[in-house]
Every structure is written in C-alpha cells, then in structure tokens.
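In: Fold the following.
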Amino acid sequence: MSGMPMLSVLSEPPCGNSVVTATIHPERSVYDQGSAVKIGGHVNDVWNNVLSSFPVVVSIRNSGYTRVLTTTTDGNGDYSVTFTPA
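Out: Alright, predicted model coming up:
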C-alpha cells in the first residue's frame, strides 16, 4: 500500500514499564484531500485497567515525512487528536 499514511501509537508509562495496550482508529475511513482527520483510541494496561491521564504519542508517516501529535487519555482511557495535512 505505497502512498498510504502509516499511523502508529506509542503509549509508554512514565515508569518505563511497557505493559499497556492501545487502540487507534480514524473517525472515518475516507477523507477529502486536505481535510482534518480525527484519530482516537483507548489505552489499558495488561490487566485491562483503564489508564487515565496517560501520555499518548501518535506518529503519522507519509511520503518520507513524520508528524507527531501528543495528548493524554481522559478519565475513561480514551484519547483523541486531529491531524491536518499541510
């Protein structure tokens, strides 16, 4: 799938222990060129506990460029960022 943006999420607890799971999903599957893309997801630890106020980094790679968006989870472990192509 050459030419398609690559989305990834880095969720690492402040203690450096990487026992978390994160989901990522765009709000829609198709967007008009240049449209803002809302990306959201959920973060739990391996015991399925919700992680609130947890730092999340969303990395978007496309055509050799990387854009990094940061946020934190809400009280339900959900997060959301908006990517607007340049």
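
In: how about low-confidence regions in this structure?
Out: Counting by pLDDT under 70, the ranges of the chain that qualify are 1-19.

In: what about the spatially most central residue of it, which helix or strand?
Out: Nearest to the geometric centre of the chain sits Val58, at 3.9 Å (C-alpha atoms, centre = their mean). Val58 is part of strand 55-62, with elements assigned from DSSP states H and E.

In: elements contacting that strand?
Out: Judged by 3 or more C-beta pairs under 8 Å, 6 or more residues apart in numbering; DSSP states H and E, strand 55-62 is in contact with strand 6-10, strand 37-45, strand 65-72, strand 78-83. No exception for glycine: its C-beta is placed from N, CA and C like everyone else's.

In: again, only using 6 Å
Out: With contacts taken as 3 or more C-beta pairs under 6 Å, 6 or more residues apart in numbering; DSSP states H and E, strand 55-62 sits against strand 6-10, strand 65-72, strand 78-83.

In: Pairing partners for that strand, with directions?
Out: strand 6-10 (antiparallel), strand 65-72 (antiparallel) (DSSP bridges).

In: give the contact list for Leu69.
Out: Residues counted as contacts of Leu69 (C-beta atoms under 6 Å, 6 or more residues apart in numbering) are 58, 81.

In: how close does it sit to Val56?
Out: Separation of Leu69 from Val56 (C-beta to C-beta, to the nearest Å): 9 Å.
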